[in-house]
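Participant: prediction below, plus the sequence it came from.
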Amino acid sequence: MFTHQPTWDDCQQLLRILFTTEERERIQLEARKLVPGDDGQPTANLDLINAAFPLTRPPQDGWDYNTTEGRGRLCIYRQTVMAGLRAAACKPTNLAKVYSVVQGKTESPAAYLERLMEAFRQYTPMDPETPEN
């Protein structure tokens with residue numbers, strides 16, 4: 001994406017070809033959660049989210065890659081798509097790695113618990129510290 005600098009249409013075509021509808025929707029949902037606000041942090045302002053990450057084809061005048069404003073919008077859009085891809089990626093579950101963590105003979109229960117929890121974080125999509133897990 002850095003050398004080609006795709007337009008909004010190019011990004012949509014890549015998403016349609018490379019991902020299923022469900023995956024595409026998950027990527028878009030996660031990307032919309034990560035749209036940067038004026039302070040650079042993710043925003044909850046729906047107007048800013050819709051302006052920076054439109055789900056339907058935006059008007060060409062504000063997204064023209066021949067203008068500085070259009071290139072800026074496309075840059076933010078591409079960065080948000082990439083962040084959405086990372087956030088939506090399903091972490092593979094490898095319980096065999098978790099089961100292989102055993103307590104050493106001289107290891108304290110607290111140290112073992114910490115290693116076990118780290119294995120859950122690393123090899124599963126579960127966070128053992130959240131109440132629902």
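Facilitator: Looks like it arrived, so ask away. Numbering: from 1, shown residues only.
Participant: and the chain, what are its domains?
Facilitator: Following automatic domain parsing, the chain resolves into domains at 8-88, 91-133.
Participant: how far does the last one sit from its chain's centre?
Facilitator: Taking CA atoms, centre = their mean, to the nearest Å, one finds the center of domain 91-133 at 24 Å from the center of the full chain.
Participant: between the two ends of that domain, what distance do you get?
Facilitator: End-to-end distance for domain 91-133: 16 Å, by CA to CA, to the nearest Å.
Participant: mind checking the longest helix of the protein?
Facilitator: helix 68-88 (DSSP state H).
Participant: and it, average pLDDT?
Facilitator: Mean per-residue pLDDT for helix 68-88: 91.
Participant: which of the domains of the chain is buried the deepest?
Facilitator: Sort the domains of the chain by mean neighbour count, taking mean count of other CB atoms under 10 Å, and domain 8-88 sits at the top with a mean of 15. Yep, even glycine has a C-beta here, placed from its N, CA and C like the rest.
Participant: helices or strands next to the helix or strand containing Ala111 in the packing?
Facilitator: Using DSSP states H and E, Ala111 maps to helix 109-123. For helix 109-123, the packing partners by 3 or more CB pairs under 8 Å, 6 or more residues apart in numbering; DSSP states H and E come out as helix 95-99.
Participant: tell me the gap between the longest helix of the chain and the middle of its chain.
Facilitator: 11 Å.
Participant: which other helices and strands contact it?
Facilitator: Packed next to helix 68-88, using 3+ CB pairs under 8 Å, 6+ apart, are helix 8-18, helix 21-33, helix 46-52.
Participant: which of these sits closest to Ala88?
Facilitator: Ala88 sits nearest to helix 21-33 of all the helices and strands packed on helix 68-88, at 4.4 Å, using CB to CB.
Participant: now that closest one and helix 8-18, what's the angle there?
Facilitator: 140 degrees (axes from the mean of the first three to the mean of the last three CA atoms, to 10 degrees).
Participant: what angle do helix 21-33 and helix 68-88 make?
Facilitator: Counting by the same axes, to 10 degrees, helix 21-33 lies at 120 degrees to helix 68-88.
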